[in-house]
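Trainee: pasting the structure only:
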């Protein structure tokens, strides 16, 4: 493989490729109608199945090598590699764990706590936080919600939506102190 080809492959952005593929499928439909689009969708699906089978076989072979499990976890942190593994349901790190790592990154960047409420089957992650700052924190002009979504989706590309919920303020506890002493000579 030439250095130029390798550089191009290494620079691939999964989101950009997805947008290009969808655009090309739209061109196929415009040129050949719905039947052509259906056929092209079928070709894409078959290629995805082939890639999935190849990646699964590769991972199955690698996990038999002593000490490689931690290396796979490190490789899976790469946005492209992790995205492909997640696309095929082969990511070695559970989705909840990856989202929690992203929440920790967000906490360090924004200085506030985030709690994973749940991840539903449709790929929506509900995250609770206390405090304001939803309209803008940090120097980038990016809102807390936008930064949180970006960090979560980088860590877990299978998350399609991040819903940020304001956690209710904790109720103040009633403080009970010692009863004041009665003045001398007063009934107790």
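Mentor: Yep, it's here. These numbers were taken from a predicted model, which means no experiment stands behind them. Numbering: from 1, shown residues only.
Trainee: tally of neighbours for residue 70?
Mentor: The burial metric for residue 70, expressed as a neighbour count using other Cβ atoms under 10 Å, is 9. The C-beta positions use only the backbone N, C-alpha and C, and glycine is treated the same way.
Trainee: got it, and the one 4 residues further on?
Mentor: Here the count is done by other Cβ under 10 Å, and residue 74 has 10 residues near it.
Trainee: likewise for residue 121?
Mentor: 5.
Trainee: sketch out the low-pLDDT regions of this structure for me.
Mentor: Along the chain, the parts satisfying pLDDT under 70 run over 1, 5-11, 14-15, 131-141, 168-175, 177-180, 182-188.
Trainee: quick one: the strands in it, in order.
Mentor: 114-119, 124-129, 161-166 (DSSP state E).
Trainee: residue 27 is nearest to which of these?
Mentor: Within these, the stretch nearest residue 27 is strand 161-166; the backing value is 28.1 Å (Cβ to Cβ).
Trainee: neighbouring strands for the closest one, and are they parallel or not?
Mentor: The strands that strand 161-166 pairs with in its sheet are strand 124-129 (parallel) (by DSSP bridges).
Trainee: which neighbouring elements make contact with the longest helix out of those in the chain?
Mentor: Secondary structure of the chain read by DSSP state H shows that its longest helix is helix 14-62. Helices and strands in packing contact with helix 14-62 are listed as helix 68-76, helix 79-87; criterion 3 or more Cβ pairs under 8 Å, 6 or more residues apart in numbering; DSSP states H and E.
Trainee: switch the cut-off to 7 Å
Mentor: helix 79-87 (3 or more Cβ pairs under 7 Å, 6 or more residues apart in numbering; DSSP states H and E).
Trainee: and for residue 18, the neighbour number?
Mentor: In terms of burial, residue 18 registers 12 neighbours under the definition other Cβ under 10 Å.
Trainee: likewise for residue 126?
Mentor: Neighbours around residue 126, by other Cβ under 10 Å: 15.
Trainee: lovely, talk soon.
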